[in-house]
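# No letters, just coordinates:
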Ligand code: MN3
């Protein structure tokens, strides 16, 4: 039986590549400790139901009702942690001053009025998420773009939406550098957003 243990991929850039906006220290802890723990805990949860190793973490999150109740919360939290962070590293890149282009920019302007207005609403939703969670741009079941926030490691795909991009607003993502001032982190984050990758996600979802 081809049991696939979920694994942690390397960052697609150096730990210090996102400085000065996200420090090397944050990236090392966030990837090597926090993300690694989600992967390890997901594997540990699935040990009792090894058939589920055949499914991708996304398949598990999209069908949580089919995951045995005994491990459902562990899969939601740690499978979510794995999927969310795997996306997160990919949709960031060293500072390039990029902006979205083409169809994605058009869709954002159409839905939110302007790119600046979209950023304001995204930052606002991220700032208002109480406690730990994520802020997302998703495509809903009806095809509309929407900004949502989720608690913990919940992924919008569990509710039937397709996550186009998301920012991590857990304190571990910013506290060492921005202390308690989450809005400063949310603002600075736009400097390291990889729009090329997000456009691909937009076109494929
Ligand atoms: Mn995180």
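Yep, that arrived. Quick caveat, the model's predicted, so the values are computed rather than measured.
# do you know how far the spatially most central residue of the chain is from residue 155?
Nearest to the mean C-alpha position of the chain, by Cα atoms, centre = their mean, lies residue 84 at 3.5 Å. According to Cβ to Cβ, to the nearest Å, residue 84 and residue 155 sit 6 Å apart. C-beta: built from backbone N, CA, C; applies to glycine.
# intersection of neighbour lists for the two?
residue 134 (Cβ atoms under 8 Å, 6 or more residues apart in numbering).
# Are there helices or strands packed against the longest helix anywhere in the chain, and which ones?
Counting by DSSP state H, the longest helix found in the chain is helix 115-128. Here helix 115-128 touches helix 102-112, strand 133-139, strand 145-151, helix 182-189, going by 3 or more Cβ pairs under 8 Å, 6 or more residues apart in numbering; DSSP states H and E.
# Name the strands paired with the third one and say parallel or antiparallel.
The one in question is strand 145-151. Under the criterion DSSP bridges, strand 145-151 sits next to strand 133-139 (antiparallel) in its sheet.
# From the chain's centroid, how far away is the partner strand?
8 Å (Cα atoms, centre = their mean, to the nearest Å).
# Tell me what angle it forms with helix 102-112.
110 degrees (axes from the mean of the first three to the mean of the last three Cα atoms, to 10 degrees).
# Use 113 as the first number from now on
That works, and once the first residue is 113, the last one we named lands at strand 245-251.
# Just grab the bridge partners of whatever residue of the chain ends up closest to the ion for me.
Residue of the chain nearest the ion, by Cβ to the ion: residue 280 (4.2 Å). Residues in a beta bridge with residue 280, per DSSP bridges, are residue 246.
# per-residue confidence at it?
Note for residue 280: predicted pLDDT of 98.
# With residue 209 instead?
Value listed for residue 209 in the pLDDT field: 65.
# Now for the nearest residue in space to residue 160 that is not next to it in sequence, how many residues are close by?
Take residue 160 and drop its neighbours on the chain: the residue closest to it by Cβ to Cβ, 6 or more residues apart in numbering is residue 183, 6.4 Å away. The tally of other residues near residue 183 (other Cβ atoms under 10 Å) stands at 20.
# Residue 183: what's it in contact with?
Residue 183 neighbours (Cβ under 8 Å, 6+ apart): 157, 158, 160, 161.
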